[in-house]
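Colleague: Any chance you can model this:
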Amino acid sequence: MAPRANWKGFLRLSLVTCPVALYPATSESEKISFNQLNRQTGHRIKYLKVDADTGDEVSNEDIVKGYQIEKDQFIEVTKEELEEVALESTRTIEIDEFVDKSDIDPRYFIRPYYLRPDGKVGHDAFAVIRETIREMNKVAIGRVVLTSREHIIALEPMDKGLVGTLLRYPYEVRSEQEYFDEIQDVKVTKDMLDLARHIVNQKAGRFEPEKFEDQYESALIELINQKRAGKTITPKERPRGENVVDLMDALRKSVGGAAAETRAAKKPAKKAKKRTAGQKEMLMPIEGKKPVKEAAAKKPTGRSQRKSA
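Modeller: So this is what the prediction gives:
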């Protein structure tokens with residue numbers, strides 16, 4: 001089943017307009033997640049919306065939005081009043097300008113979305129806008145309203161569609177000065193840089209996301225499997241940060257270590273058991289049950305079994 005669109009409207013470049021739909025390009029729904037439980041009963045915890053003063057539960061139809069101007073003093077804003085504030089970007093992504101991607105500070109990136117034509121009409125106009133962005137080797141900047149807020153969106157071609165990345169506003173990005181001002185000015189010698197550069201060259205490669213395993217997710221699966229099997233959980237030794245006494249000595253040892261890692265990486269490694277996309281079940285069968293493959297192999301084929309009386 002195709003995913004549901006987060007937003008539907010129009011993409012417009014000057015007088016060229018086409019209907020489009022916006023879909024999330026990422027998902028965290030496949031990650032291991034936990035529920036909160038009552039330790040005494042094992043039941044799930046349920047959250048209620050209650051009046052902060054009376055403690056009485058409040059139904060959804062009696063809940064309104066409010067902006068706090070002073071302590072315990074709010075200005076109520078209704079859903080109808082918020083709809084009156086609706087901007088054009090609620091229904092239309094208007095391309096305002098084209099910029100070089102290198103001009104966008106990475107701190108402004110929030111999350112990516114896929115943009116495609118909505119329905120059977122407008123594919124020609126969509127293709128014109130997409131290929132114009134591709135030909136100019138630029139990023140198109142527009143605005144879109146998602147989750148009741150207006151966002152800047154940066155559009156780039158990807159295959160037959162567009163990738164739109166939401167961007168933060170300047171007031172949402174903290175200044176680095178409050179964090180970096182106290183960093184000491186240190187003189188780095190040429191010898192240190194030469195050794196560090198050598199380490200970088202030994203570790204140089206291309207970014208291939210599939211090479212990286214979510215080690216924490218794997219550790220969670222292992223933990224749950226052990227608990228399902230009734231095994232005792234023994235804590236693993238935590239990695240310790242060692243104090244660097246001689247920086248040059250540490251750099252020289254790192255050069256040797258990086259070389260050893262490079263040689264090891266060139267050896268053919270055993271293929272790890274792959275998990276299919278979206279697989280959340282544990283990789284180990286519950287103790288006492290036959291593995292799925294074994295059970296499937298013993299299942300008779302061709303003739304149906306007579307049901308036992």
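Colleague: For the residue lying closest to Leu251 once chain neighbours are set aside, grab the count of nearby residues.
Modeller: Distances taken as CB to CB, 6 or more residues apart in numbering place Leu195 nearest to Leu251, at 4.0 Å, with adjacent residues excluded. In short, each C-beta sits where N, CA and C put it, glycine included. Around Leu195 there are 18 other residues, counting by other CB atoms under 10 Å.
Colleague: Centre of the chain to the helix or strand where Leu195 lies, how far?
Modeller: Counting by DSSP states H and E, the element that carries Leu195 is helix 190-202. Distance of helix 190-202 from the chain centroid (CA atoms, centre = their mean, to the nearest Å) equals 33 Å.
Colleague: And stretch 138-156, by the same measure?
Modeller: 18 Å.
Colleague: From start to finish, how long is it in a straight line?
Modeller: End-to-end span of stretch 138-156 (CA to CA, to the nearest Å): 8 Å.
Colleague: so Leu166 sits right up against Ile104, yeah?
Modeller: No. Between Leu166 and Ile104 there is no contact under CB atoms under 8 Å: 11.9 Å.
Colleague: who does the helix holding Leu195 touch, helix- and strand-wise?
Modeller: helix 247-266 (3 or more CB pairs under 8 Å, 6 or more residues apart in numbering; DSSP states H and E).
Colleague: And Asp72, how close does it get to Asp56?
Modeller: Remark: distance between Asp72 and Asp56 (CB to CB, to the nearest Å) = 17 Å.
Colleague: should've said Thr165
Modeller: 44 Å.
Colleague: With neighbour numbers in mind, choose between the two.
Modeller: Just comparing Thr165 and Asp56: by other CB under 10 Å the higher neighbour count belongs to Thr165, 20 against 8.
Colleague: Contacts only, for that one.
Modeller: Taking CB atoms under 8 Å, 6 or more residues apart in numbering, we find Thr165 in contact with 109-113, 153-154, 156.
Colleague: hang on, it in a strand?
Modeller: Yes. With DSSP: H, G, I helix; E, B strand; the rest coil as the criterion, Thr165 is located in a strand.
Colleague: ok, it to Asp100 distance?
Modeller: In terms of CB to CB, Thr165 sits 15 Å off from Asp100.
Colleague: Strands along this structure, start to end?
Modeller: Per DSSP state E, the chain carries strands over the ranges 7-13, 16-24, 65-70, 73-77, 92-94, 97-99, 109-117, 139-146, 149-158, 161-167.
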